[in-house]
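> have a look; sequence and predicted model below, questions after that.
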Amino acid sequence: MTDDGTTTAAATGTLGYEQARDELIEVVRRLEAGGTTLEESLALWERGEELAKVCRHWLEGARARLDAALARPERSDEAGEAGEADGNTD
């Protein structure tokens, strides 16, 4: 983060979910505490918007991975269990 509370889009894109979430929490805390100039508040707000986008991106990616995993057919674990039930334990 630079002195005015902003970063480049490239730097924001490298943040992990937890990092972005934690920084967003801090931004919100600072905004709620008050005592900042209008310019500082605007910079914090803009940073918060960037961080929210990063978090949303990570969460959407996680949702897509979960959906893909749930859409896959059952693994062959059930076939192994069926073989054991027949006395076929290899």
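Perfect, I can see it now. Numbering: from 1, shown residues only.

> does Glu46 sit in a helix, a strand or a coil?
Under DSSP: H, G, I helix; E, B strand; the rest coil, Glu46 falls in the helix class.

> that one - how many residues pack around it?
For Glu46, the neighbour count with other C-beta atoms under 10 Å is 15. Where C-beta positions appear, they are placed from N, C-alpha and C, glycine not excepted.

> do the one 10 residues further on as well
The burial metric for Arg56, expressed as a neighbour count using other C-beta under 10 Å, is 12.

> quick one: mean pLDDT over the helix or strand hosting it.
Using DSSP states H and E, Arg56 sits in helix 38-71. For helix 38-71, mean pLDDT rounds to 97.

> how about stretch 23-32: buried residues?
23-24, 27, 30 (16 or more other C-beta atoms under 10 Å).

> now, which of those residues sits nearest Leu70?
Nearest to Leu70 among these: Leu24, at 28.4 Å, using C-beta to C-beta.

> got phi/psi on Gly34?
Main-chain torsions, Gly34, degrees, to the nearest 10: phi 70, psi -160.

> now Pro73
Dihedral angles (degrees, to the nearest 10) for Pro73: phi -60, psi 160.

> any figure for the gap between it and Glu49?
The gap separating Pro73 from Glu49 is 41 Å, by C-beta to C-beta, to the nearest Å.

> between those two, tell me which one has more neighbours.
Each of Pro73 and Glu49 has its neighbours counted (other C-beta under 10 Å); Glu49 has more, 11 against 5.

> tell me how far that one lies from Val28.
Distance of Glu49 to Val28, computed by C-beta to C-beta: 12 Å.

> repeat for Gly16
For Gly16 relative to Val28 (C-beta to C-beta), the value is 19 Å.

> and Glu46, by the same measure?
According to C-beta to C-beta, Glu46 and Val28 sit 13 Å apart.

> same check on Ala43?
Taken as C-beta to C-beta, the span from Ala43 to Val28 is 14 Å.
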